[in-house]
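Student: need a 3D model of the following:
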Amino acid sequence: MAAAYQLNIQVSDRTIDSHIRNIRAKLAAVNCDNVIETIHGVGFKLGALRAAGMTELPSTREMAAVGRA
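Tutor: Okay, here's the model as predicted:
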């Protein structure tokens, strides 16, 4: 996390987990499940879209609409 955040910002591991959980929920709402993979002891990675039955991620507008629903 030190590489992702400035030195004067305190961020816990749970903060990152919360953001990932919210992103996963929005992706699931547009039928894009399992795109974010957890690599235990390392972090997360973006998985293959074809494995999720998609060729591209939903647009920002589509994702924002899910957040308002």
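
Student: against D33, how distant is A25?
Tutor: Applying Cβ to Cβ, to the nearest Å, the value for A25 to D33 is 10 Å. Every C-beta, even on glycine, is put in place using the N, C-alpha and C of the backbone.

Student: ok, now G41?
Tutor: 23 Å.

Student: neighbour count winner among these two?
Tutor: D33 (14 against 5; other Cβ atoms under 10 Å).

Student: select the helix or strand of the protein having the lowest average pLDDT value.
Tutor: helix 60-68 (a mean of 66; mean pLDDT, DSSP states H and E).

Student: quick check: buried residues in the helix or strand where D17 lies?
Tutor: Using DSSP states H and E, D17 maps to helix 13-29. By neighbour count with 16 or more other Cβ atoms under 10 Å, helix 13-29 contains the buried residues R24, K26, L27, A29.

Student: so which of those residues is the closest to S12?
Tutor: Proximity of the buried residues of helix 13-29 to S12, judged by Cβ to Cβ, is greatest for R24, which lies at 18.6 Å.

Student: surely that closest one and I36 touch.
Tutor: Yes. Between R24 and I36 there is a contact at 5.6 Å, judged by Cβ atoms under 8 Å.

Student: show me what contacts L46?
Tutor: With contact set as Cβ atoms under 8 Å, 6 or more residues apart in numbering, L46 has these partners: V35, I36, E37.

Student: over to it: give its phi and psi.
Tutor: phi -80, psi 120 (degrees, to the nearest 10).

Student: before we move on, back to that, right, and the helix or strand after the helix holding D17?
Tutor: Moving toward the C-terminus from helix 13-29, the next helix or strand (DSSP H and E) is strand 36-39.

Student: what comes up buried for that following strand?
Tutor: I36.

Student: let's see it as PDB, backbone CA atoms only.
Tutor: The C-alpha atoms that make up strand 36-39 are tabulated as PDB, following Å, rounded to 0.1, in the frame of the first residue of the first chain:
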ATOM      1  CA  ILE A  36     -11.600  -9.200  -9.900                       C
ATOM      2  CA  GLU A  37      -9.500 -12.100  -8.600                       C
ATOM      3  CA  THR A  38      -8.100 -12.300  -5.000                       C
ATOM      4  CA  ILE A  39      -4.500 -13.400  -4.800                       C
END
